[in-house]
Every structure is written in C-alpha cells, then in structure tokens.
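Student: How does the following fold in three dimensions:
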Amino acid sequence: MIKTDVLVIGGGPAGLMAATSAAGSGAEVLLVERSERLGGQLIKQTHKFFGSREEYAGERGIDIAARLIKETEAQAAITTWKNATVAGIYPDGVVVIACKDSFYTVLPQKIIVATGAAEKTMLFPNNDLPGIYGAGALQTLMNVYGIMPGKRILMVGAGNIGVIVAYQLLQAGVEVAGVVEAAPQVGGYAVHAAKLARYGVPIYTSHTIKAAHGEECLTGVTIARLDECWQPIVGTDRYIAVDGLCLAVGLTPLTELCWQAGCEMRYVAELGGYVPLRDANMRTTKSGLFLAGDVAGVEEASAAMVAGKIAGLSVAEELGCLGVMNELEKAKKQLAALRAGPASAKIRAGINQIVIGEAG
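Tutor: Numbers count the residues shown, from 1 in each chain. Next comes the predicted model:
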C-alpha cells in the first residue's frame with residue numbers, strides 16, 4: 001500500500017496547478033497522468049492567452065505547459081506517474097492505479113480529481129468516415145505531431161475552440177472551406193472570428209451538417225440552413241467538397257471517477273453535462289475528494305488553472321499546512337474576477353446551480 005498526503009488525478013493545467021500548490025504548502029503529492037506527457041490541452045495550444053499576467057496573458061499554451069511542467073518537476077514533494085490510469089476509487093479510500101503493466105494500491109488522505117473533459121460529437125449520416133475529427137484530435141495531429149490533417153477542411157462550431165483551430169489550420173497551409181454554426185451568431189471572441197474574416201473564410205451561422213459523403217474516406221459534406229426552431233429548412237441544402245471535417249461542438253466533463261466515488265451529481269447544461277456538487281473550496285460532497293478544472297464544469301484554461309490552485313491550497317489547509325489561507329482567498333478573488341465579464345454569464349449561471357454552502 002502506497003500512502004501519500006494528496007493524490008492528484010490528471011496532469012493537465014488544473015492538475016499541475018493543484019499539485020504544485022499543495023506541494024508548495026507542505027503536502028506530499030502523487031500526481032498521476034494517463035498519457036505519456038504532462039500538460040493536457042495546453043501542449044497543443046499555440047495561440048496566445050488573454051487575461052492578466054497572473055493568467056499568463058500574452059503567452060502561448062505550449063509555453064505555459066512547459067512552465068507548469070518545470071515548476072512541477074522542481075518540487076521534491078511531488079512524485080509523478082505517467083502512463084498511469086486510475087482504475088477505481090473505493091469506499092475505504094483506496095485508489096487502484098494501473099501503471100507499467102502493474103496495478104498499485106494507493107491510500108491518500110485527500111484526492112483531487114482533475115480529469116478534464118471529453119469532446120462531444122454529432123449525429124449525422126456517415127459521421128464515422130475517415131477524415132472527420134474532433135477539434136482536440138486535429139490540434140494534436142497538427143501542433144503536437146506536425147501532421148497536416150487534410151487539404152480542405154470544414155469547421156463545425158464557431159465558439160472559441162472552433163475559430164481558433166480554424167485559424168491554426170490556415171497557418172498550417174490548410175484551406176478552410178468555412179465554419180458552420182447552428183446558432184445565429186458567432187460564439188467565440190470577435191478578435192478570433194475577425195482573423196478568419198480577413199482570410200475570406202465564410203461563416204455559415206444558423207446552419208448544420210445534414211450528412212457526410214464518401215466511400216472509403218470523406219469527400220464532401222451537405223449543410224443546411226436552420227429555422228427558428230433549429231430544424232433544417234427544405235431547399236437550403238448546400239454541398240461542400242472537402243477532405244476533412246472538424247467538429248468543435250463542445251466538451252463534457254469526465255466525471256466517471258466522481259460517480260464511482262459517490263459524489264452527489266447534477267446535470268447542468270451550462271457546464272457541459274453532469275458535474276459534482278461542491279463548495280467554493282472545490283470540496284465535493286464526498287469527504288476528502290476535491291475537484292479542479294473542467295471536471296467541475298467546462299471553462300477556459302485560465303479558469304481551470306486558478307481552480308487547480310484553489311483545490312491544491314484547500315487540501316493543504318485541511319491537512320494542517322500553515323500559511324495557506326491568505327493565498328487561498330487571493331486565488332478565489334482571482335477566479336471571481338476571471339468570471340466577472342459578460343462572456344462568463346453562462347458559466348456563472350451554471351455554477352450557481354452546483355455550489356453548496358460556504359467554504360470552511
């Protein structure tokens with residue numbers, strides 16, 4: 001049995017911040033990541049971040065990942081396991097982890113779940129043809145492995161992820177045939193959409209995908225205009241020849257471990273799906289289990305990192321580490337400021353449905 005003060009599950013931006021915050025406050029941390037690399041979504045993000053200096057404004061995601069990984073590796077109190085998958089969290093507090101072809105049992109005093117989110121998909125005829133990607137998979141091909149995913153690609157989704165990835169495709173030399181958005185307006189920041197406009201990329205608002213076409217691989221897509229009830233309008237079909245289709249239609253929190261651990265859950269559409277109830281310290285209804293990042297509700301990476309810091313400081317405070325409270329309150333104010341603008345109204349509405357009581 002391996003014992004540790006804190007087990008952090010997930011080595012993305014939230015998990016890294018949680019681990020370094022807890023360890024920096026005096027806790028012993030075991031950080032487990034299922035892939036071969038730390039950094040999560042940041043390792044594929046080449047665009048610059050908004051916000052303040054505290055949120056790494058002006059830095060690219062890949063550079064932020066490198067900085068967080070370096071800070072993690074510099075902490076002697078953090079042990080990191082990569083290629084490690086948590087197989088279960090059991091009622092007696094034992095966590096089973098599969099790593100290097102073996103199973104290990106770990107007994108942490110506190111657990112921080114930072115498992116992130118998974119990409120949503122769409123239902124339409126032939127949606128399993130080769131050449132159809134989620135936005136995260138496409139970013140991985142381009143920005144991590146340097147592989148061009150296609151020559152002419154249609155983007156579905158005009159939120160921040162959709163417009164950012166569309167611009168990254170242009171930078172990689174891919175022709176972007178257009179951006180399809182079901183809503184009547186672009187959901188992403190105007191500055192990103194303006195970049196596409198300068199390249200002459202058409203944005204088809206109030207449109208959806210009707211079908212994908214091809215035998216062995218994707219050769220084209222049919223789109224159609226939507227009415228006010230979000231139904232395709234007869235006679236508005238448009239065929240677009242492409243060899244790639246990218247779906248950027250949202251994320252849903254990866255909460256399987258929270259369900260298994262017995263956390264009280266609630267479906268909140270504004271946060272991407274089912275999420276655990278928790279307090280302002282990221283503490284769930286399951287004793288000793290905390291959250292960090294998109295597993296608590298899908299937000300921007302900046303918010304995920306600050307939430308990770310709050311979770312790390314919160315567990316350190318519960319473990320009796322000294323000098324934590326001032327930093328914890330500062331981090332809470334930082335997160336509130338990130339969510340203060342009109343763009344975060346939806347997030348605030350979702351959080352109001354799942355935050356319980358007052359943090360201790």
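
Student: any idea which helix or strand carries Pro108?
Tutor: Assigned by DSSP states H and E, Pro108 belongs to strand 102-113.

Student: got a list of contacts for that strand?
Tutor: The contact list for strand 102-113, computed with Cβ atoms under 8 Å, 6 or more residues apart in numbering, reads 1-10, 15, 18-19, 22, 27, 30, 87, 89, 93-98, 257-258, 261, 282, 288-292, 295, 308, 311-312, 315, 318-319. Using the backbone N, CA and C atoms, a C-beta is placed for each residue, glycine as well.

Student: taking those residues one by one, which sit in strands?
Tutor: 2-9, 30, 87, 89, 95-98, 289-291 (DSSP state E).

Student: Buried subset of those, written for ChimeraX?
Tutor: ChimeraX command restricting these to the buried ones, with burial defined by 16 or more other Cβ atoms under 10 Å:
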select :4,5,6,7,8,9,30,89,95,97,98,289,290,291
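
Student: could I get the longest helix seen in the chain in CSV with only the CA atoms?
Tutor: Longest helix of the chain, by residue count under DSSP state H: helix 301-318. The C-alpha trace of helix 301-318 is given here as CSV (Å, rounded to 0.1, in the frame of the first residue of the first chain):
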residue,chain,number,x,y,z
ALA,A,301,-7.9,27.0,-19.4
SER,A,302,-7.1,30.2,-17.4
ALA,A,303,-10.0,29.4,-15.0
ALA,A,304,-9.0,25.8,-14.8
MET,A,305,-5.6,26.7,-13.6
VAL,A,306,-6.8,29.0,-10.9
ALA,A,307,-9.4,26.4,-9.8
GLY,A,308,-6.5,24.0,-9.6
LYS,A,309,-4.6,26.4,-7.3
ILE,A,310,-7.7,26.7,-5.1
ALA,A,311,-8.1,22.9,-4.8
GLY,A,312,-4.4,22.5,-4.0
LEU,A,313,-4.4,25.1,-1.3
SER,A,314,-7.7,23.8,0.1
VAL,A,315,-6.4,20.3,0.6
ALA,A,316,-3.2,21.7,2.1
GLU,A,317,-5.3,23.8,4.6
GLU,A,318,-7.3,20.7,5.5
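
Student: From the contact counts, what lies against that helix?
Tutor: strand 2-9, helix 13-24, helix 61-73, strand 102-113, strand 289-291, helix 325-338 (3 or more Cβ pairs under 8 Å, 6 or more residues apart in numbering; DSSP states H and E).

Student: Quickly compare the ones you listed and say which is most buried.
Tutor: Ranked by average neighbour count under the criterion mean count of other Cβ atoms under 10 Å, the helices and strands packed on helix 301-318 are headed by helix 13-24 at a mean of 30.

Student: tell me the angle of that helix relative to strand 102-113?
Tutor: With axes from the mean of the first three to the mean of the last three Cα atoms, to 10 degrees applied, the angle from helix 13-24 to strand 102-113 works out at 90 degrees.

Student: How far off centre is helix 13-24?
Tutor: 16 Å (Cα atoms, centre = their mean, to the nearest Å).

Student: now do stretch 109-120
Tutor: Relative to its parent chain, stretch 109-120 has a centroid offset of 10 Å by Cα atoms, centre = their mean.

Student: Between the two ends of that stretch, what distance do you get?
Tutor: Terminal residues of stretch 109-120 lie 34 Å apart, using Cα to Cα, to the nearest Å.
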